[in-house]
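Participant: Here's my sequence, what's the structure:
(2 chains)
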Number of protein chains: 2
Amino acid sequence: MPDALPPGSTIGIMGGGQLGRMLAVAASRLGLKTHIYSDEADPPAFDVAAARTVGSYSDAAAIEAFARRVGVVTCEFENVPAEALQAALRAVPVYPPPFSFAVAQDRLTEKTFMRELGIAVAPFAAVATAADLKAALGQVKLPAILKTRRFGYDGKGQALVRSEAEARDALAQLEGAPAVLEGLVAFTRELSVLVVRGLDGALQYYDTVENVHAHGILATSRVPAHISAGVTAEARAIAGKIAEALQHVGVLAVELFHCEGGTPALLVNEIAPRVHNSGHWTLDACLVSQFESHVRAICGWPLGQTSRHSDAVMTNLIGGDVERWRELAAEEGVAVHLYGKAEARPGRKMGHTNRLTPKL
Amino acid sequence: MPDALPPGSTIGIMGGGQLGRMLAVAASRLGLKTHIYSDEADPPAFDVAAARTVGSYSDAAAIEAFARRVGVVTCEFENVPAEALQAALRAVPVYPPPFSFAVAQDRLTEKTFMRELGIAVAPFAAVATAADLKAALGQVKLPAILKTRRFGYDGKGQALVRSEAEARDALAQLEGAPAVLEGLVAFTRELSVLVVRGLDGALQYYDTVENVHAHGILATSRVPAHISAGVTAEARAIAGKIAEALQHVGVLAVELFHCEGGTPALLVNEIAPRVHNSGHWTLDACLVSQFESHVRAICGWPLGQTSRHSDAVMTNLIGGDVERWRELAAEEGVAVHLYGKAEARPGRKMGHTNRLTPKL
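Facilitator: Predicted coordinates:
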């Protein structure tokens, strides 16, 4: 086991959003300080950090200087440029390792990686040009989804295409950005597994989550998921295999399609090398949240207990939903989490609630 | 119901210790910012605060300027000078109200207040001079404890006296500080009740805690306490009566002696107008911790749910205990909380653990 970062050490976090904010709070529980690096002037995580740097993610010198002031660097979003990770690595360890980011940042790399591991994914084909598209439509049945390889999130950078004409239009909209054509999966439900891998290779899993999306954005996550013990075991096995193949350190979120009665029954949709929205329920239903687990892993601490003491439904507060804060705060059995964002723009994640019920 | 401070507002906290740190974290959960005022250069709460001011508690102008930058002022220790509270009040509301501090800061005022409410306390008498002591020894049976009226905590400023000679020595040690002679209570156990009173007068109670002290410092707190439903009800009634009489807003801790089979069975030892060490178990065993309850109360939010989902034992990590952090972090069912203090001096509270077990 490598040396652990002792209490009093500082964790550098790239990114200042709500995930960084909740990581900073989790670090404080363990007597650890955080230093947030963000390209925004006053992001949510600044409110709870011991130190703050505003800078560009493409400013390698600034990132290296930031990294020299901390004991380890981690990230709260996956689209951190590879150069930024390399700049930080010149000063201190970076966890999760850059390879996890490289795989998760590019849908083609990600899907190819899964296929090479023998893990099922939706039918896919790379599409950069009109000629590629023609070939791809030969391989992937319609309806399908054309997605940019990079920088998509919350349903952005993707289009459902039901005909060759729609596919051509969608490709034109991407203005030359390399893409992937993915076959539409007729899934029964969406699941996610949050796996934690320690510096020493230890693996732990939170209970598998059942997710419902609306307008491309996660709406609710529920534990327990309505799945059999066999599917639970298979979902964990897939997540563990990916975490090990990546030599991941920290929390890894694996989103899956569950096709009840299908062969295979589980397909990986995508992975995120970080704490994840579908793990926010762990803040109230577990002794050690996904945020604390991530902190423990990247600091070389013993991993925490991932079991839950309650059933939970997490509901995102999107845009104007947050105006209901007072009513939500008065509800029995509901924990309210708000991210301190000033402006409630449509589609913006402003907070979430965790509704707990006794574990059945 | 008065207007609530909405998400995005800033709470001013006087004091930068671990209680301020955990209050700041709880505020962040609700989308609230904190501004810490401390007379130390880099206290624990600064690590998780949006803004920080270093200043003296006797600098009324600095405190008023601090208060003008926040929406409400609260305190994380009870010995805030009355002048400091008044300076803050010139700018914004101060909760708990200064009266709660006035009563809690002075053992004589506190005990007189209880007696006037018809609440039992240990036999006591005021002692300022040698003549007072003689009279007091006529009223209060030995063995007794001579305590300074003000500024005592964690067993400091008090002495057990078994004879008149010991009492005279103890008084001389106080160098003229006004004192109280208290009869020693042969209690079965020490209890505490954490009551929350909202801005609208609503009252909520956490489950009664059983405390064990060692060397004058709280060692462990356990829920449930080993007491009957009748004693539980009586303890709550006492705490509620005090909170109402004070017109308290926020968390109030009421420490009690339980004398099994005695008449009365419960005596109030002391009160603290703030979140309290004996409520740290609520961080992991309740949906809404004492810290969040305090924040909700002082901001005029609906009070949170105080019920617990688990049984819990909180153990303080005092001085060198904190060196065991790695071993404690690896224990099943244990949540570790460290306060980020650099120096582990003997007797210093460095952190605590909460050991949870399923609720019986």
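Participant: what residues go with each domain of chain A?
Facilitator: A:10-94, A:123-183, A:189-358 (automatic domain parsing).
Participant: need those domains in CSV with mean neighbour count, can you?
Facilitator: Any C-beta I mention is one placed from the backbone N, CA and C, and that applies to glycine too. Shown next, in CSV, are these (neighbours: other C-beta atoms under 10 Å in any protein chain shown):
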stretch, mean neighbour count
domain A:10-94, 22
domain A:123-183, 17
domain A:189-358, 20
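Participant: Out of these, flag the one nearest residue B:90.
Facilitator: domain A:10-94 (26.4 Å; C-beta to C-beta).
Participant: what's the straight distance from one end of that closest one to the other?
Facilitator: One end of domain A:10-94 to the other measures 13 Å (C-alpha to C-alpha, to the nearest Å).
Participant: is that domain up against chain B anywhere?
Facilitator: Yes - using C-beta under 8 Å from any C-beta of the partner chain, domain A:10-94 comes into contact with chain B via A:21, A:24-25, A:28-34, A:46-50.
Participant: Save the domains of chain A as CSV, and put in mean pLDDT and distance to residue B:178 too.
Facilitator: As requested, the domains of chain A are exported to CSV (pLDDT from 0 to 100; distance: least, C-beta to C-beta, whole Å):
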stretch, mean pLDDT, distance to residue B:178
domain A:10-94, 98, 39
domain A:123-183, 90, 64
domain A:189-358, 97, 44
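Participant: can I get those in TSV with distance to residue B:96?
Facilitator: Below are these laid out as TSV (distance: least, C-beta to C-beta, whole Å):
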stretch	distance to residue B:96
domain A:10-94	24
domain A:123-183	43
domain A:189-358	20
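Participant: so which of those comes closest to residue A:4?
Facilitator: domain A:189-358 (3.8 Å).
Participant: quick one: residue A:19 from residue A:38, how far?
Facilitator: Relative to residue A:38, residue A:19 is positioned 12 Å away (C-beta to C-beta, to the nearest Å).
Participant: And residue A:110, by the same measure?
Facilitator: 26 Å.
Participant: what do you get for residue A:339?
Facilitator: 14 Å.
Participant: Find the closest residue to chain B in the stretch 201-350 of chain A.
Facilitator: residue A:338 (2.8 Å; C-beta to the nearest C-beta).
Participant: pretty sure that residue contacts residue A:349?
Facilitator: No - with contacts counted by C-beta atoms under 8 Å, residue A:338 stays clear of residue A:349, the gap being 10.6 Å.
Participant: Would you agree residue A:291 falls within a strand?
Facilitator: No - read with DSSP: H, G, I helix; E, B strand; the rest coil, residue A:291 is helix and lies in no strand.
Participant: got the contact list for the closest residue to residue A:179 other than its chain neighbours?
Facilitator: Leaving aside its sequence neighbours, residue A:179 sits nearest to residue A:127 (C-beta to C-beta, 6 or more residues apart in numbering or on different chains; 4.6 Å). For residue A:127, the contact set (C-beta atoms under 8 Å, 6 or more residues apart in numbering or on different chains) comprises A:133, A:136, A:146, A:171, A:178-181.
Participant: cool, and residue A:194?
Facilitator: Counting by C-beta under 8 Å, 6+ apart, residue A:194 has contacts A:205-206, A:209, A:239, A:251-254, A:275-276, A:278-279, A:282, A:290.
Participant: what does the stretch 251-360 of chain A have sitting close to chain B?
Facilitator: Close to chain B, as judged by C-beta under 8 Å from any C-beta, the stretch 251-360 of chain A has residues A:284, A:287-288, A:296, A:301-302, A:304-305, A:309-310, A:322, A:325-326, A:329-330, A:332-342, A:351, A:356, A:358.
Participant: Swap in 7 Å and give it another go.
Facilitator: Residues of the stretch 251-360 of chain A lying close to chain B by C-beta under 7 Å from any C-beta of the partner chain are A:284, A:287-288, A:296, A:301-302, A:305, A:309-310, A:325-326, A:329-330, A:332-333, A:335-340, A:342, A:351, A:356.
Participant: List phi and psi for the residue lying closest to residue A:322 once chain neighbours are set aside.
Facilitator: The shortest distance from residue A:322 to any non-neighbouring residue, by C-beta to C-beta, 6+ apart, is to residue A:350 (3.8 Å). As for residue A:350, its main-chain torsions (degrees, to the nearest 10) stand at phi -100, psi -20.
Participant: how close does residue A:350 get to residue A:214?
Facilitator: Remark: distance between residue A:350 and residue A:214 (C-beta to C-beta) = 15 Å.
Participant: Identify, by residue count, the longest helix of chain A.
Facilitator: Longest helix in chain A by number of residues (criterion: DSSP state H): helix A:229-246.
Participant: chain center to that one: distance?
Facilitator: How far helix A:229-246 lies from its chain's middle: 16 Å, per C-alpha atoms, centre = their mean, to the nearest Å.
Participant: Show me what that helix is packed against.
Facilitator: Packing partners of helix A:229-246 (3 or more C-beta pairs under 7 Å, 6 or more residues apart in numbering or on different chains; DSSP states H and E): helix A:98-105, strand A:189-197, strand A:203-205, strand A:250-258, strand A:266-272.
Participant: 6 Å instead?
Facilitator: strand A:189-197, strand A:250-258 (3 or more C-beta pairs under 6 Å, 6 or more residues apart in numbering or on different chains; DSSP states H and E).
Participant: Run through the residues that contact the closest residue to the residue of the stretch 201-350 of chain A closest to chain B other than its chain neighbours.
Facilitator: Nearest residue to residue A:338, sequence neighbours excluded (C-beta to C-beta, 6+ apart): residue B:31, at 2.8 Å. Residues in contact with residue B:31 (C-beta atoms under 6 Å, 6 or more residues apart in numbering or on different chains) are A:338, A:340, B:7.
Participant: For chain B, see how far away residue A:89 is.
Facilitator: 26 Å (C-beta to the nearest C-beta, to the nearest Å).
Participant: and that residue, what does it touch?
Facilitator: Residues near residue A:89 by C-beta under 6 Å, 6+ apart: none.
Participant: Show the backbone phi and psi for it.
Facilitator: Torsion angles, degrees, to the nearest 10, at residue A:89: phi -60, psi -20.
Participant: Ok, the one 3 residues further on next?
Facilitator: The phi and psi values for residue A:92, taken as degrees, to the nearest 10, are phi -150, psi 170.
Participant: That one - nearest residue in space that isn't next to it in sequence?
Facilitator: Nearest residue to residue A:92, sequence neighbours excluded (C-beta to C-beta, 6+ apart): residue A:67, at 5.1 Å.
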